[in-house]
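Trainee: sequence below, structure please.
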Amino acid sequence: MLLYWSENVIVGFYNVLRLATCRPKEKMAWLGKLFFIPFFMVHYGGFTAGHGLFVTAIFSQETIGASGGFGVFEIFKFIHQNNLYLAMAALFVSHGYSFIINYLGKGEYQKANVQTLMIQPYRRVIVLHITIIFGGFLMMALKSPLIGLLFFIFFKTVMDLRAHVKEHQKVWKKS
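Mentor: Below you'll find the predicted structure:
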């Protein structure tokens, strides 16, 4: 769960780069970028931070908060304790590859819509939000973290496949 949450951070990072490098055709959209980029960073960042705290509180109660602390430093401590750095680096490189090859290399930045870019990562937030709520309740009711994790894996896989196909169909239709 924490790895998926960290992927939301990475997606947010690359979305800021997408917003910064997109080339809207309308002049007002260029001005909109000056508003949307900081707004996205604060809004999406707030959701992501809040979900990070919930993920660590619900799915890792014995590790996070056990020392009385609860916050960003505890999240990084948990990442370190579970050796998630390599997996996080792989996610960063994977999303970076897609950014460079698809977004910049294939010219998607020239066709990108600022408003679409702005809302696109929130689908991931919804997946995590639903997983936290329903997966967390299932875990507590059945007293098994495996149930929440299985719920998350299934739900995430379905949503990611659907989003990937939908995102690239738009680009394929315009090509």
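Trainee: nearest the geometric middle of this protein, what residue?
Mentor: Centroid-nearest residue in the chain: residue 8, 1.9 Å away (criterion: Cα atoms, centre = their mean).
Trainee: I figured that one hits residue 49, correct?
Mentor: No - in this structure residue 8 lies outside contact range of residue 49 using Cβ atoms under 8 Å: 10.2 Å. C-beta: built from backbone N, CA, C; applies to glycine.
Trainee: circling back to that earlier point, how close does the residue nearest to the centre of the chain get to residue 107?
Mentor: 26 Å (Cβ to Cβ, to the nearest Å).
Trainee: how about residue 49?
Mentor: 33 Å.
Trainee: then residue 55?
Mentor: For residue 55, the distance to residue 107 (Cβ to Cβ) stands at 36 Å.
Trainee: could you do residue 121 as well?
Mentor: Relative to residue 107, residue 121 is positioned 21 Å away (Cβ to Cβ).
Trainee: more crowded one of these two?
Mentor: Shown here are residue 121 and residue 107; by other Cβ atoms under 10 Å, residue 121 has more neighbours (19 against 13).
Trainee: what is the least confident helix or strand in this protein?
Mentor: helix 145-174 (a mean of 71; mean pLDDT, DSSP states H and E).
Trainee: list the helices and strands it packs on?
Mentor: Secondary-structure packing of helix 145-174 (3 or more Cβ pairs under 8 Å, 6 or more residues apart in numbering; DSSP states H and E): helix 27-59, helix 108-111, helix 122-130, helix 136-142.
Trainee: quick one, which of those helices gets closest to residue 94.
Mentor: Across the helices and strands packed on helix 145-174, residue 94 has its closest neighbour in helix 122-130 (14.4 Å, Cβ to Cβ).
Trainee: show me the contacts for residue 120.
Mentor: 15, 167 (Cβ atoms under 8 Å, 6 or more residues apart in numbering).
Trainee: report pLDDT for it.
Mentor: pLDDT for residue 120: 88.
Trainee: kindly report the same for residue 78.
Mentor: Reading off the model, residue 78 has pLDDT 75.
Trainee: buried residues in the strand or helix carrying it?
Mentor: Assigned by DSSP states H and E, residue 78 belongs to helix 72-81. Residues 74-75, 78-79 are the ones in helix 72-81 that count as buried (16 or more other Cβ atoms under 10 Å).
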